[in-house]
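In: can't give you the sequence, but here's the structure:
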DNA sequence: TTTTGAGTTGTTCGA
DNA sequence: GTCGAACAACTCAAA
């Protein structure tokens, strides 16, 4: 009887899992392994919500495995030591894992490969970064041509791998998972493949699914217009192939041009995810600094008091504060809100985008090196395919446009509950009488704006201009 | 090699 | 109130 190890990293699913599928094709018996790598301990501690989400996902995966006659084996240690040891214990002849593209993951996997027969499979993305290249063989740095090539390379039908119905697993001792203490995000994002699929269905199924309105609704902070699937993609509780296959199928049946536009826009977002993975793969230096090095010369102000106000949602700009409090409470933030708060940190507070990247890294359930970095560099104007530096979001205009009734603001800023709709995005304009009626005092119950947007914007233009 | 067209998501100002 | 230009050139990708 042949045994193979399925080394689980960020592919916590049974469906469309190429590593599991390959292991199952190779062997009669599968050992599903998760390794608690001590080098990730500090990252684990810095991001407790994401860590709890991962642990909950592993428990969920273990339960699914048990239904199929298997179970998860957890071991603490360095993978290049743990895996050879497990091969000895189980008699496994091969290791299969889903390829990950971060510099850390690549170093780790190379170290394992040097000591054990590791086979890496696809699955993190639909297209491997090496397969989406320009005609001259070099990687893309602009999204639109990347997306065209990506779509052109998409087969009419992507290969799917169903979840195995039964598994056989040798019995081996397992270390405990870290205790999942309190997990306040569980209310918002229950972990696991079944929940991910339920959400995908809710987003794409029925006569008039949200995805058909995605093109317009996705920007609205007060409407559940996005799929909110990012934490599930982060840990592979849902495969990119399943989502893209769903988008392909919907494109074929979309009832009108608007619905088709909605689906296509959603597909584009999935391609953005792959774009940033590819950028991180081909340009790893960008993960730790400005992709465009001329911006190394920008003189950030890095005011600690302003940074703290931003983190805590106390800037005095309601849409910024609501989004930052949502992030802190739930570990997730709407995409439009991410752009607004990122623009605000960089172009209103003049704080280095890496500080913002780090805070997002600590808070986000979907925190991913490549995507987080790509998003921040886009907003800061320093990245591969960045917004021009003179594109500065106005937090009031953005609020009025994408939270027109102030519902999103009121949901996360209870102190503004009774502020009239017309003035909800500019509470500093409340007269003393209006403040009394709304039951709050600006400067006491809710801060005055910590910066003047018009002045801060002028300063940003000057700061960036100075680097040229 | 040179040329050409294009590039996620915006805001402000002045006519 | 509406509309177009300016912001600022620069780089990328492909023909």
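Out: Great, that's in hand. The model shown is predicted, which means the values in this text are computed figures rather than measured ones. Residues are numbered from 1 along each chain as shown, chains lettered A, B, ... in the order given.
In: is the helix or strand of chain A with the lowest mean pLDDT anywhere near DNA strand C?
Out: With mean pLDDT, DSSP states H and E as the measure, the helix or strand of chain A carrying the lowest mean pLDDT is helix A:453-465 (a mean of 87). Yes - contact between helix A:453-465 and DNA strand C is present through A:461, A:465 (criterion: C-beta under 7 Å from any atom of the strand). Where you see a C-beta, it was placed from the backbone N, CA and C, and this is true even at glycine.
In: which helices and strands sit right next to that helix?
Out: If contacts are counted by 3 or more C-beta pairs under 8 Å, 6 or more residues apart in numbering; DSSP states H and E, helix A:453-465 sits against no helix or strand.
In: Show me what the longest strand anywhere in chain A pairs with in its sheet, parallel or antiparallel.
Out: Counting residues, the longest strand in chain A under DSSP state E turns out to be strand A:29-36. Sheet partners assigned to strand A:29-36 using DSSP bridges are listed as strand A:3-8 (parallel), strand A:73-76 (parallel).
In: most tightly surrounded among these?
Out: For the strands paired with strand A:29-36, ranked by mean neighbour count under the definition mean count of other C-beta atoms under 10 Å, the leader is strand A:3-8 at a mean of 26.
In: Name the residues that touch it?
Out: A:19-20, A:23-24, A:26-35, A:58, A:61, A:72, A:79, A:83, A:86-87, A:90-97, A:118, A:170 (C-beta atoms under 8 Å, 6 or more residues apart in numbering).
In: Just those residues: which are in helices?
Out: Cross-referencing the contacts of strand A:3-8 with the helices (criterion: DSSP state H) gives A:19-20, A:23-24, A:26, A:58, A:61, A:79, A:83, A:86-87, A:90 as the overlap.
In: So which of these is the closest to DNA strand B?
Out: Using C-beta to the nearest atom of the strand, the shortest approach to DNA strand B within the ones in helices among the contacts of strand A:3-8 belongs to residue A:19, at 28.1 Å.
In: dump the residue contacts of that closest one.
Out: A:6-8, A:11, A:96-98, A:121, A:123.
In: Repeat that for residue A:62.
Out: Counting by C-beta under 8 Å, 6+ apart, the residues that residue A:62 touches are A:71-72.
In: what about residue A:162, how many neighbours?
Out: With neighbours defined by other C-beta atoms under 10 Å, the count for residue A:162 comes to 10.
In: Compute the distance between it and residue A:241, please.
Out: 12 Å (C-beta to C-beta, to the nearest Å).
In: secondary structure element for residue A:397?
Out: When secondary structure is defined using DSSP states H and E, the element that contains residue A:397 is helix A:395-402.
In: Next SSE downstream of that helix?
Out: Taking DSSP H and E as the definition, the helix or strand that follows helix A:395-402 towards the C-terminus is helix A:407-412.
In: How far off centre is that next one?
Out: Here the centre of helix A:407-412 is set off from its chain's centre by 23 Å, with C-alpha atoms, centre = their mean, to the nearest Å.
In: Equivalent analysis for stretch A:225-241, please.
Out: Going by C-alpha atoms, centre = their mean, the spacing between the C-alpha centre of stretch A:225-241 and its chain's C-alpha centre is 8 Å.
In: what's the average pLDDT for it?
Out: The predicted model assigns stretch A:225-241 a mean pLDDT of 97.
In: and it, anywhere near DNA strand B?
Out: No - Stretch A:225-241 is not in contact with DNA strand B by C-beta under 7 Å from any atom of the strand; minimum separation 10.8 Å.
In: So which bits of stretch A:102-120 are buried?
Out: Residues A:102, A:105, A:108-109, A:112, A:116, A:118-120 are the ones in stretch A:102-120 that count as buried (16 or more other C-beta atoms under 10 Å).
In: Name the pair among these with the greatest separation in space.
Out: The span of the buried residues of stretch A:102-120, defined through C-beta to C-beta, is set by A:102 and A:116 at 20.4 Å.
In: My guess is residue A:244 contacts residue A:269. True?
Out: No - assessed by C-beta atoms under 8 Å, residue A:244 is found out of contact with residue A:269, at 11.0 Å.
In: Could I get the phi/psi values of whatever residue of chain A ends up closest to DNA strand B?
Out: With C-beta to the nearest atom of the strand as the measure, residue A:144 is the residue of chain A nearest to DNA strand B, at 3.1 Å. Taking degrees, to the nearest 10, you get phi -60, psi -50 for the backbone angles of residue A:144.
In: again, but for the one 10 residues further on
Out: With angles defined as degrees, to the nearest 10, residue A:154 sits at phi -80, psi 120.
In: list the contacts for it?
Out: Neighbouring residues of residue A:154 by C-beta under 8 Å, 6+ apart: A:126-127, A:244, A:248.
In: Could you report the pLDDT at it?
Out: 94.
In: So is the longest helix anywhere in chain A next to DNA strand C?
Out: Secondary structure of chain A read by DSSP H shows that its longest helix is helix A:257-282. No - judged by C-beta under 7 Å from any atom of the strand, helix A:257-282 makes no contact with DNA strand C; its nearest approach is 9.9 Å.
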